[in-house]
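>>> Here is my input; please provide its structure:
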Amino acid sequence: MANKWGVIIIDVQGDFTKWKQGSLAVPGTNESYVKSAEAAAQQLKELGVPVFGTQDWHPPDHVSFATTHPGKKPFEKITIDGKEQALWPPHCIQGTENARVLIDNNLFLAIVKMSQDPAVENYSAFKDGKGVKTEMDTVLRINGIKKVVLYGIATEYCVSATALDLITANYETTVIEGLCRCVSADNATAAIDEMRTRGIRVVTSLEDIIEEIRRDISG
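Residues are numbered from 1 along each chain as shown. The predicted model follows:
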């Protein structure tokens with residue numbers, strides 16, 4: 001069945017890209033990267049693979065923003081309720097231009113919004129920092145998805161957190177490393193090692209798995 005596979009594209013939004021001069025722009029996120037991420041989505045959709053997206057969607061007073069904590073600066077770390085909290089510049093604020101998903105929205109069957117609770121950090125598209133599930137699991141299940149292809153921004157944050165939650169929920173999970181971008185190469189390497197250890201397949205490009213997807217769909 002075509003719906004056996006699904007693809008989730010993580011947080012390809014203006015504030016995470018160099019292309020749109022985002023407040024939290026990740027290295028390597030120029031226009032060419034965004035277009036390659038879009039082209040892969042188009043290719044998968046043409047094969048009959050449902051395309052899903054995620055969208056960081058913060059209220060302006062989100063707990064992860066340095067501006068929410070007087071006297072604190074972006075990239076400092078604080079402790080909240082016994083947990084370490086990294087502080088970021090305000091980004092992907094609800095309703096702002098740079099919160100937009102840059103990939104053609106007509107490609108998506110659904111876009112799941114993340115980080116809407118001002119008091120909760122959230123890297124995974126599957127559940128928030130307190131374990132409350134997003135709509136992602138429901139959306140995948142009602143579309144019959146068993147195998148998930150994953151790529152986007154950033155490798156060691158939302159991509160890896162989502163992949164780890166997907167594999168825990170028994171989805172066969174594949175991350176396309178070449179279509180991801182990372183904040184820190186060292187941290188991304190560690191994240192990829194952890195994903196592989198947990199049973200997540202990591203491939204370089206869509207071409208590494210496209211024939212497998214075609215076979216599954218035609219079979």
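>>> where does the chain dip in pLDDT?
1-3 (pLDDT under 70).
>>> What's the biggest helix in it, counting residues?
helix 31-47 (DSSP state H).
>>> how much distance is there from that one to the middle of the chain?
Averaging C-alpha positions (Cα atoms, centre = their mean, to the nearest Å) puts helix 31-47 15 Å from its chain's average.
>>> Now the element after it, going C-ward?
Next helix or strand after helix 31-47 toward the C-terminus (DSSP states H and E): strand 51-56.
>>> hmm, who's touching that following strand?
6-13, 15-16, 41, 44-45, 91-92, 99, 101, 103, 107-115, 125, 136, 139-140, 152, 158, 162 (Cβ atoms under 8 Å, 6 or more residues apart in numbering). C-betas here are computed from N, CA, C, even on glycine.
>>> Would you write a ChimeraX line that selects the buried entries of those residues?
The buried residues among the contacts of strand 51-56 can be selected in ChimeraX (16 or more other Cβ atoms under 10 Å) with this line:
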select :6,7,8,9,10,11,12,13,15,16,41,44,45,91,92,99,101,103,107,108,110,111,112,113,114,115,125,136,139,140,152,158,162
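>>> So which of the contacts of strand 51-56 are in strands?
Among those, the members found in strands (DSSP state E) are G6, V7, I8, I9, I10, A110, I111, V112, K113, M114, G152.
>>> Serialize those residues to CSV and add fields for distance to I217.
Formatted as CSV, the ones in strands among the contacts of strand 51-56 follow (distance: Cβ to Cβ, whole Å):
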residue, distance to I217
G6, 12
V7, 13
I8, 18
I9, 19
I10, 23
A110, 20
I111, 23
V112, 24
K113, 29
M114, 29
G152, 23
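>>> Looking at the residues you listed, which is nearest N30?
The closest of the ones in strands among the contacts of strand 51-56 to N30 turns out to be G152 (Cβ to Cβ; 15.0 Å).
>>> can you pull the contacts of A188?
A154, T155, E156, C180, C182.
>>> Tell me how many other residues crowd I209.
For I209, the count of nearby residues is 17 (other Cβ atoms under 10 Å).
>>> what about it, distance to T174?
Distance from I209 to T174, counting by Cβ to Cβ, to the nearest Å: 6 Å.
>>> Common neighbours of the two, please.
V149, V203.
>>> Using JSON lines, lay out the contacts of A188 together with neighbour count.
Output for the contacts of A188, formatted as JSON lines (neighbours: other Cβ atoms under 10 Å):
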{"residue": "A154", "neighbour count": "24"}
{"residue": "T155", "neighbour count": "27"}
{"residue": "E156", "neighbour count": "22"}
{"residue": "C180", "neighbour count": "26"}
{"residue": "C182", "neighbour count": "22"}
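>>> hmm, which two among those are most spread apart?
It's E156 and C180 that sit farthest apart of the contacts of A188, by Cβ to Cβ, at 9.2 Å.
>>> Now P27: closest residue in space that isn't a chain neighbour?
R181 (6.7 Å; Cβ to Cβ, 6 or more residues apart in numbering).
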